[in-house]
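Novice: Next one to model:
(3 chains)
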Amino acid sequence: MHIKDTLPALYKIRRPLKAEDVRARLAAKQGKEYWRSLEELAASEEFEEFLHREFPRQAGEWDDEPSRRTFLKVMGASLALAGLAGCSYQPPETIVPYVRQPEELVPGKPLFFATAMPHTKGATGLLVRSNEGRPTHAEGNDLHPGSLGAADVFSIASILTLYDPDRSETVQYRGEIRPYTSFLADVRTTLDALKAKQGAGLRILTETVTSPSVAALLKQITTALPQARWHSYEPAGAHAATQGAALAFGQPVHTIYRFDRADRVLSLDADFLAAGPGELRYARDFIDRRRVIEGKSEMNRLYVVETTPTNTGAKADHRFAVRPSELEQFTRALAVAVGAQNTPALVGSAPHPDAIAAIAKDLQGARGKSIVIPGDYAPPTVHALAHAMNAALGNTGQTVVYTDPLAFYPNNQPVDQIADLRALVGDIDAGAVEMLLIVGGNPAYNAPVDLAFRDKLKKLFDQKKLTAHLGLHFDETSEWCQWHVPEAHFLEAWGDARAYDGTVSIIQPLIAPLYRGRSALEFLSALTDTPEKSGYDIVRDFWRTQPQMSGDFERAWRRAVHDGLIAGTALPEKTVALSASASSQAASAPAAAVGSGQFEIVFRPDPSVYDGRYANNGWLQELPKPLTKLCWDNAAHISPATARKLFNVDNQEDIATYKGIEYMAPVVTLSYRGQTIKAPVFILPGQPDDVVTVHLGYGRTRVGRVGAGTAQQPVGFDAYQLRFADAPWTATGAQVAATADSYQLVGTQLHFNMEGRDIVRSETLEEYRRGRDDAQSEHVVGSDARTGDEGVGRAGPGVGKEVHKEPGVNETLYYNYDYVGYKWGMAIDTTACVGCNACVIACQSENNIPVVGKEQVARRREMHWLRIDAYFKGLAENPEGVYFMPVPCMHCENAPCEPVCPVNATVHDAEGTNNMVYNRCVGTRYCSNNCPYKVRRFNFLRYQDFETESLKLMRNPEVSVRSRGVMEKCTYCIQRIQAAKIESEKEAGRQVRDGEIQTACQSACPTNAIVFGNLNDRNSMVARWQHEPRAYGVLTELNTRPRTQYLSELRNPNPEIRGA
Amino acid sequence: MKTRRERPPFYGLMAEFDNPTDVVTAARAVHEAGYRRIDAFSPYPIEELSEAVGMHTTKMSLIVLIGGLIGLIGGYGMQYYLSVINYPLNVGGKPLNSWPAFIPITFETTVLCAALAGIFGMLALNGLPEPYHPVFNTPNFALASRDRFFLLIESRDDNFDRTQTAEFLRSLGPREVTDVEY
Amino acid sequence: MSTIDHPHDDVGIHVTPYPVIEPGHTFGSVTDKISALTLQRRTPLWWFIAFGISFALTNVLMFSIGYLVLTGIGVWGNNIPVGWAFDIINFVWWIGIGHAGTLISAILLLLRQNWRTSINRFAEAMTLFAVACAGIFPLFHTGRPWLAIYWLFPYPNTMNIWPNFRSPLMWDVFAVSTYATVSALFWFVGLIPDFATLRDRAQSRPFKIVYGMLSLGWRGSAKHWARYEALYLLLAGLATPLVLSVHTIVSFDFAVGVLPGWHATIFPPYFVAGAIYAGFAMVLTLTIPLRKLFHLEDFITMRHLRNSAKVMLATGLIVAYGYMMEAFTAWYSGSEYEGFMMKNRIWGGPYWWAYMLLILCNVLIPQILWAKRMRHNTLVLFAVSLVVGVGMWLERFVIIVTSLHRDFLPSAWAMYRPTIIDFTTFFGTIGLFLTLLLLFIRFLPVISIFEMRTILPQAEVKEEEA
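Specialist: Residues are numbered from 1 along each chain as shown, chains lettered A, B, ... in the order given. Okay, the predicted model is just below:
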């Protein structure tokens, strides 16, 4: 293939070739093609022009038959370029940097570009850092309503997906490599045949579409071909919400909650703090009303009723575990109690009856300032009842607002996606499908098992029907499609997407497609008259026609791309009335009955790999799951009591066996409607009895080296095998049986009991209000030699708890170092931490932290610099709560790790950070042994991948890449500190402003639980936080003087509920 | 005092004894007789014998003391200079001159230097290594490392007279008296 | 020399039923018998067999280290939090064993225990080889040994980067290297007169030349003897605090740390006692078969075995006291971390078996040595010495692994499991140790000949006649 095919864009721009462009060409090549492409370059005319300018002296010679000497020179030149191949390729179209024009690109100075990570539940606005044209790190976009500067694990980890060496690189026809043009030709011929029948037989299968331009394109196609059908299927879509809305209002609505106005929140199986839609925004708003700081002593109250433990449940002031079959009764009873229902008859054996009255009373006490939020995976009736309750509590229009649906559907009529997929399957069986384009998604893997979608695809495959799949990886679906087209990553292609509230972001690429992938727009445009139209043009042409960009389009466009969102695109609030039938319908909806000895299986998308689409992302695979800290696997979560029953043992601990250090979990068989799978058991306190929670997204068979398991070494088990179209989220009446097998589960935390140690301090709001005064009188007055402030030895607010006292600063034989100038410190509010893991992934991305793999995690050699500890309080049977504690390096002033290092490889700098000098480290591991917080990580083997080209592009050039035998740990993102200091010094040596330095973890945190700054500045946020009565240091009795301090966890239980 | 230029044709006279008591007695007699350039050879250390041939004190203790002092000062000095003057670092909030932490190494360097000084001092004073020495020409001298005891009067001794000295030695009851060639 | 000054002291040869040397020996017989071991032409078959096995093990060690250096510390079982495991366990174990030699030759010399004479040479050799084995671990337990090998020494460099003299590991470097150097020289100095003996006895010319060179031309001059003896006494005086300092400093590796189970002031004395304990155990383990194989019962008598047994009994009790004090301070300190550590160590934790075995091997079983009958039964002594060897290894396992695997924050707790390479490395060092030892007993006098002469009755100068 000639290079001209590869970069049409460069051809469009007839301008003299610049080094960037040549590099771009080199960049577009990879692997074995590399040398060939160089020769092609040397041959191409622009390259000659280029040489004339680069080597004017040889210009004369070059036109003649090149002498050997010149030839070598020239090839030398192209080789030199090859060396630079990684360095700079802007996409050919003009994109708009967040702060500066790309023309100003200064090597070594990163630029930030606004874009958005499309997600079926609403896009997340991002600012992506570009080093020399390589996107290297993703952070939230402050202006974006769905982000407010925060980011979720999927968005941040998308950087790794972009550079994933396992990504599909070529167009394939039945496994043979073909040019894209021949795919277009094939489509064209088939389409011409279908045109006669107005497109009958043409089927397009998408995931949930939140992109206006894609929707418009689909509309255009379906209008041109009226008989063509567009189906959409999403394994973890909001099916129930749609139905529930229809049930309640008789029309489709999208619900947006305003936690910033709510004092009382009741979650009905909704994990609104950690799992979309809008979780980042919701978490921020919710926590902001919970932040008891700087004299403020009011906080909201959260009730969580859930069928399986979630992050939201962990933050609840009152958590009630119910079986899925009980959820509806509970809701109904509550609805009656708050007066949203008038059929007490149906309130039979509702669980936790005593609590219901108190909750109802509490909610009614906050009319218009409360929220009842149903979970996406709760049954429709619960949604309907929740809507009714919100109406009854006067929340509608206050804390709960309704809009038109977020997603786009054919003729704007929301369809039940599962029914939609069933219809498609029916048509395939009827032979009515001639041509099927699958745009993203992986239905062959994640469709309900009873639809047997994979077999249907095989059928089409055997019938040689034109089926094509657009995907980032060659996956289970690609296997049985005639055509596979590599998809362009969202950082490679133009597009647009809606946030949870409808606000549209223009997705701008930061890099030319690495593997010549096509975006959904470009793929779909194959069905239009302009099959080669670039995504850039499609998006622009669409928005040119939109009201929001009327007037000076270029200006509006520029602004939109610059800001990362299009102003005024948020969905307008609309008033809806409860349909009269709603309550009665809800009332008459039967509650599912569960026979004795039967189990209920709860399906949930996995917190790390979601529905399986991120299965090949090493960062996410190794990311410890919030509550279990498991990685590389999913498990069947059961309660301790259930475990005892299943394995008839007296102590649930006994069911686990150890092979050496490996935790071997017993394996159970889960059977439902004749389907049976084997799954390792994980005992999760807080899980309702006789309920098994399994997470979707594992057991992939075809995706890449990371995510696809083998028979010997599976990566989790495929829970979709138990998922039926009519029971997508709960399988009632399933059978669970213990087996003799065992399976190795690995996790980064094996012990969830705090052992009564003073690690995470927690107290109720009441205790805090009392304790704050006591605490202030309790200061150990040993005035701080450095800042002269008191209370260094403060006992902290832990009321009625034996609290270790830190030795006063002057209780030393030695002198204290004073840190003039900057004195960096961090404060972490455990009340605000929702355990979402964004900080962990952000740290991994920022600091080039390697992935070590399951076997090494089993050996406890994970490399995360920042971990989130989870501690269960109370009995395993019914934990009083889960407490999250992010643990970075404490940067102790008297760091125990430093004096023991024989080679001065870890020492303090003048600003008091505890630095790790990799070059000097010989790897005795003594520092780690002597670190009471165990935050140091050691390269036991060569974990970094130094070979794979694409991963080299991914790394942050500001952070050295560590090889084996070296200790490493959190640096407070010292590269960011230095960057900010340089900036400040350029401006007449002003001080770094507070908040100017954002550590990676801090900027990713959705709830602002982490603040960092200069402790010498008494007004800095971190200094103020560290002087809060809630502030305390961990293990300070060892006189470590940690610079990282914590604010204790506050809970606000309802005094009227027993056990509170 | 004779000078080396006119040294006699042979090294000295060697008397051979077969038990420690006799050789000690003989040595004392020879010393009383005024001979000073004398030496005795035994298969194991015999304190009386050393004193009999005039070795009352050794300089070993002084040498070891000096070595030790060098190690002491050098050891602490090195640590102080490197940690306080040459490249001061804040290591875990410890003072630059963390003297308690410097003591172990100071102790070790002290012992090391003292021991080295002692060993090499001993070898130096004994003139070892010395692969060749005239006494090895003595017949049966190999037995000096087994069960024989030898007493030597060097020819360079002022009172040395070949015949008289030999007679004198014979009178001390040795197994035999032999000339020791160079 | 002490043994000359007090030929009749109460531990002397005439009083006790177990003389340090069987009667009837002469200077000649002692000399000939011991030098014959070295100079005899034919090597016994058992030597070849033993050497073959040991040398094979040594090669296993070489392979293990090669694999380790090429692949990384990950081939071992170490992890976070258990950053140290077999590597440092073996280091401390070997260095402990390496204490008996210098102790016997130095401290017992100062204490005028002349029964030491016939075992000190052998014990010193054992010391050297044990220290050699120990030295392997601090170097190769580092992630980047190719740098550690010289960065651990204060060598001048253009970057002016120096070691951190506050680190106990740094103290180790100095202590161990000093100890190795001084012990080696001490040993060699002791050998000089015996080299002379061998030089004069050797039949074949090459041996004559080699031993001649090694003897540095020693001729047994009374003047040389005087300085020699003075130095020997001084060296003993220096080696005594040195040998105590070495294991004290090794114990600092732990005592200086903040870790519960490490941070204990009892460590220095109790480590030193443990070292002597292990050292004498190893002396017995090796001498009991050796005296049989070489028919040295005349020189290494029951007296030596009995006294070694007594030393073991004594030091064993000190060690037991150490264990007691650890438990007591854990309780008395009132620190929840210390308390938990002890509970976890004894019965709460997954490694309780290690502690129980340790108590069995180091505290309970050795108590049978109170019985005279047992002390005089070489088989029992041999068995007990082996048991103590195992026990001392377990002690280090308990201190290092059990303390590390559960420290302050429960979230960081983990388990440790050694890999096959951990074991091959450990057994490999045992092979190296035995290889060196076998070469030693084949080519050097295993008993100090000239000192043996001094303890013969006829060695004394009869003053009344003189």
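Novice: Ramachandran angles for the residue positioned nearest the centre of chain B?
Specialist: The residue lying closest to the centre of chain B (C-alpha atoms, centre = their mean) is B:N126, at 3.9 Å. When read as degrees, to the nearest 10, the backbone of B:N126 gives phi -80, psi 0.
Novice: Okay, buried residues for stretch B:127-136 please.
Specialist: For stretch B:127-136, a neighbour-count test (16 or more other C-beta atoms under 10 Å in any protein chain shown) marks B:L128, B:P134, B:V135 as buried. From N, CA and C alone the C-beta is placed, and that goes for glycine too.
Novice: got the contact list for residue 122?
Specialist: Because you didn't say which chain, this covers chain A. A:G146, A:T210, A:G276, A:P277, A:G278, A:L406, A:R498, A:A499, A:Y500, A:D501 (C-beta atoms under 8 Å, 6 or more residues apart in numbering or on different chains).
Novice: meant chain C actually
Specialist: Each residue near C:F122 by C-beta under 8 Å, 6+ apart is listed here: C:V283, C:L286, C:T287, C:L290, C:I441, C:V446, C:I447.
Novice: List the residues that contact residue 313.
Specialist: No chain was given, so I picked chain A. A:D271, A:V304, A:E306, A:R319, A:G686, A:V882.
Novice: Wait, chain C was what I had in mind.
Specialist: Applying C-beta under 8 Å, 6+ apart to C:L313 gives the contacts C:P366, C:Q367, C:L369, C:W370.
Novice: Tell me the spacing between it and chain B.
Specialist: For C:L313, the distance to chain B equals 30 Å [C-beta to the nearest C-beta, to the nearest Å].
Novice: for A:P379, same thing?
Specialist: A:P379 sits at a distance of 58 Å from chain B (criterion: C-beta to the nearest C-beta).
Novice: Can you show me the strands along chain B?
Specialist: For chain B, the strands defined by DSSP state E cover B:10-17, B:38-41, B:149-154, B:176-181.
Novice: and if you look at the stretch 351-500 of chain A?
Specialist: Taking DSSP state E, counting those that start in this stretch, the strands of the stretch 351-500 of chain A run over residues A:370-374, A:400-403, A:435-439, A:466-471, A:483-486, A:495-498.
Novice: Need the mean per-residue confidence for the first one.
Specialist: Across strand A:370-374, pLDDT averages out at 95.
Novice: about what we covered before: identify, from the contacts of C:F122, the entry nearest to chain B.
Specialist: Distance to chain B across the contacts of C:F122 (C-beta to the nearest C-beta) is lowest for C:I447, with 13.5 Å.
Novice: Could you list the low-pLDDT ranges of the chain?
Specialist: I'll assume chain A. A:1-105, A:342-349, A:580-596, A:657-662, A:772-805, A:1058-1060 (pLDDT under 70).
Novice: switch to chain C, that's the one I care about
Specialist: Applying pLDDT under 70 to chain C flags residues C:1-19, C:41, C:464-466.
Novice: ok, now which ones touch the most centrally placed residue in it?
Specialist: The centre of chain C sits closest to C:G98, judged by C-alpha atoms, centre = their mean, with a distance of 2.1 Å. Taking C-beta under 8 Å, 6+ apart as the criterion, C:G98 is in contact with C:M126, C:T127, C:L128, C:A130, C:V131, C:A134, C:Y179, C:S183, C:A275, C:G279.
Novice: List just the nearest of these to chain B.
Specialist: Within the contacts of C:G98, proximity to chain B (C-beta to the nearest C-beta) peaks at C:Y179, which comes in at 8.3 Å.
Novice: tell me the SS of C:L216?
Specialist: Judged by DSSP: H, G, I helix; E, B strand; the rest coil, the three-state class of C:L216 is coil.
Novice: tell me the contacts of it?
Specialist: Neighbouring residues of C:L216 by C-beta under 8 Å, 6+ apart: B:L123, B:L128, B:P129, B:E130, B:P131, C:I192, C:F195.
Novice: ok, how many other residues are close to the nearest residue to A:I655 once chain neighbours are set aside?
Specialist: Nearest residue to A:I655, sequence neighbours excluded (C-beta to C-beta, 6 or more residues apart in numbering or on different chains): A:F647, at 4.6 Å. Residues lying near A:F647 (other C-beta atoms under 10 Å in any protein chain shown) number 14.
Novice: And A:F647, how far from A:E877?
Specialist: When distance is defined by C-beta to C-beta, to the nearest Å, A:F647 is 16 Å away from A:E877.
Novice: same check, this time on A:T831
Specialist: Going from A:T831 to A:E877 by C-beta to C-beta gives 25 Å.
Novice: Show me which of those two is the more surrounded one.
Specialist: Neighbour comparison, A:T831 and A:E877: the larger count goes to A:T831, with 26 against 12 (by other C-beta under 10 Å).
Novice: Assess the claim that the more buried one and A:N1052 are in contact.
Specialist: No: contact status for A:T831 versus A:N1052: not in contact, 9.8 Å apart, counting by C-beta atoms under 8 Å.
Novice: joint contacts of the two?
Specialist: In contact with both A:T831 and A:N1052: A:R290, using C-beta under 8 Å, 6+ apart.
Novice: sorry, back to before: dump the strands of chain B to CSV, plus mean neighbour count and mean pLDDT.
Specialist: Listed next are those as CSV, based on neighbours: other C-beta atoms under 10 Å in any protein chain shown; pLDDT from 0 to 100:
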stretch, mean neighbour count, mean pLDDT
strand B:10-17, 23, 87
strand B:38-41, 25, 90
strand B:149-154, 26, 88
strand B:176-181, 16, 85
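Novice: what's the most distant pair in the contacts of C:G98?
Specialist: Farthest-apart pair in those is C:L128 and C:A275; separation 15.3 Å (C-beta to C-beta).
Novice: Who has more neighbours out of these two?
Specialist: Higher neighbour count among C:L128 and C:A275: C:A275, with 29 against 22, using other C-beta under 10 Å.
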